[in-house]
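3D, please:
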Amino acid sequence: MTTTAQLLLAEIEAHLARTGETATKFGLASVRDGHLVSRLRKGESVTLKTADKVRAYMRTVAEAPASKTPEASALPFRRILLVMGGGIAAYKCLDLIRRLRERGIATRVVMTSAAQRFVTPLSVGALSNERVLTDLFDLNDEQEIGHIRLSREADLLVVAPATADLIARMAHGHANDLATAVLLASDKPILVAPAMNPRMWHHPATQRNVAHLKADGVHMIGPAVGEMAERGEAGAGRLVEVPDLVTAIVDLLAVRAETATPAKANGPLSGRHVLVTSGPTHEPIDPVRYIANRSSGKQGSAIAAEAAALGARVTLVSGPTNLPDPPGVQVVRVETAREMLAAVEQALPADIGIFAAAVADWRVATAADQKIKKTAKGQAPRLELIENPDILKSIGHAAAPKRPPLVIGFAAETHDVIAYAQKKRTSKAADWIVANDVSPETGIMGGDRNTVHIVMPDGVESWPDLDKQDVARRLMARAADALAQIQLAP
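Here you go, the predicted model:
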């Protein structure tokens, strides 16, 4: 192992200890390699270029703590799509992304070709912790009409800096690059922050375009008045200060939360009860240690929120997570598998049961009352493990009304995903199994995206890589249709 690799590993270990970030997630976020830390620990070396990328990522994380302020933590809508235009003010977007992350607002970024001349996608991606999108014709991103998905899964679109050219193309409905295609396809609020030379801003053509966008319902902030980057130029045209832009974003998200009207009265699941389990379980070894799975609870929480949006009364039984309660959902917090089973049985009957929790398969037969100490001889303690209750199997094999008409389980596998899911569907008596590959290199555990296979009695339906919210929308739409067919059956 080279000295460079040894020093880098020491820095990484300190970073992981300080932030609590997992080694796999760190590797994926820094250089898109979930095995990076594992290989370094085994004595392998890395290139100087890789080391530089890793250190750049650690610096950005250190400068951008992910603490949440009360004003944003209560917002149910917290996903921004930032469209970056070209201009010297583009560098301010790095500070904007950092401040939004501090408020718990996730930011995905689309960069125009001009924006990339001022700020690199690498810098933007390191701060946003998301892949930066630049190309309308990227085959991977467009597999599922990517620009449509991008425009729909965000809660607010922000255009900053909005150049005269970008404003003109927006006003005239152009869609000749990813940025304008996303803006034209969006059904969400749009906030535009202009930045350009004062004479360009005051030009009649620009003013006509701005008036047109305002008439279309686009929100505007700025431009600010002051000195420009060009020597001797001053006036209206500066990008507004980042704190002012953050305030405008938070205010628009709050307005959307107040005016959002989920279709509860006449939604496809109106009058139905949907039960969802989510997150890990923690099985205590002693007062400070436990057995658990690496589940973030993001997928289950998204499913519960989508079920509520379709009109259902929703009960979410959640293991320990750091996620806020989905709006309009009754949340029951539990720690262990036995507590989760008891909460599930208490919540029944239900019309749909979705068991997305990553329940620990085993627990210690007798948890210690005090912290288990190391022995002088260095002998490891002997832990007797016993099997936890199988929640999905218990409900799947139950008779009505304990068994919901539609039972959907999840299968997280690392190999032979579909084969194991098919066996699980039969053995657990589930109607569907949602299967996914959670190998470290996929980044699914704890990430925001998922690639799933829906295993049903009549076959397997494989979905492309999607945001977990998008998976939830698709799954609940299919579940609502299936429940309607079940109710119609003689």
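
ends of stretch 342-356, how far apart?
16 Å (C-alpha to C-alpha, to the nearest Å).

ok, residue 242 - contacts?
Residues near residue 242 by C-beta atoms under 8 Å, 6 or more residues apart in numbering: 92, 95-96, 99. Every C-beta, even on glycine, is put in place using the N, C-alpha and C of the backbone.

if we use 6 Å, what do you get?
Under the criterion of C-beta atoms under 6 Å, 6 or more residues apart in numbering, the neighbours of residue 242 are 92, 95-96.

separation between it and residue 222?
12 Å (C-beta to C-beta, to the nearest Å).

run me through the strand neighbours of the strand or helix carrying residue 412, direction for each.
Residue 412 is part of strand 406-413, with elements assigned from DSSP states H and E. Sheet pairing of strand 406-413 (DSSP bridges) gives strand 352-355 (parallel), strand 432-437 (parallel).

so which residues of the stretch 151-300 of the chain form strands?
For the stretch 151-300 of the chain, the strands defined by DSSP state E, counting those that start in this stretch cover 156-162, 190-194, 219-220, 224-227, 234-238, 273-278, 283-284, 290-291.

low-confidence ranges in the stretch 101-250 of the chain?
138-149 (pLDDT under 70).

give me the pLDDT for residue 312.
pLDDT recorded at residue 312 is 93.

count the neighbours of the nearest residue to it once chain neighbours are set aside for me.
Once flanking residues are discounted, residue 312 sits nearest to residue 269: 3.8 Å by C-beta to C-beta, 6 or more residues apart in numbering. Residue crowding around residue 269 was assessed by other C-beta atoms under 10 Å; the count is 25.

quick one: contacts for residue 269?
310-312, 480.

so which of those residues is the most crowded?
Of the contacts of residue 269, with other C-beta under 10 Å as the count, residue 312 tops at 31 neighbours.

got the contact list for that one?
With the criterion set at C-beta under 6 Å, 6+ apart, residue 312 makes contact with 269, 272, 274.

can you pull the contacts of the last one?
Going by C-beta under 6 Å, 6+ apart, residue 274 touches 307, 312, 314, 352.

between the contacts of residue 269, which is closest to residue 218?
residue 310 (29.3 Å; C-beta to C-beta).

ok, back up a step: secondary structure for the contacts of residue 274 - can I get that in TSV?
Output for those, formatted as TSV (DSSP: H, G, I helix; E, B strand; the rest coil):
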residue	secondary structure
307	helix
312	coil
314	strand
352	strand
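
closest to residue 123 among the residues you listed?
Among the contacts of residue 274, residue 307 lies closest to residue 123 (C-beta to C-beta), at 38.5 Å.

what is the burial count for the closest one?
Using other C-beta under 10 Å, residue 307 has 31 other residues around it.

was I right about it contacting residue 314?
Yes - using C-beta atoms under 6 Å, residue 307 is in contact with residue 314, at 4.8 Å.

still on that earlier bit, inside strands: which ones of the contacts of residue 269?
Counting by DSSP state E, none of the members of the contacts of residue 269 fall within strands.

in helices only, show me those residues.
Among the contacts of residue 269, the members falling in helices (DSSP state H) are residue 480.

relative to residue 364, which of the contacts of residue 269 is nearest.
Closest to residue 364, out of all of the contacts of residue 269 and judged by C-beta to C-beta, is residue 312, at 36.9 Å.

can you pull the domain assignment for the protein?
3-63, 70-259, 273-364+382-488 (automatic domain parsing).

now these as a markdown table including distance to residue 375?
Shown next, in a markdown table, are the domains of the chain (distance: least, C-beta to C-beta, whole Å):
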| stretch | distance to residue 375 |
| --- | --- |
| domain 3-63 | 25 |
| domain 70-259 | 42 |
| domain 273-364+382-488 | 11 |
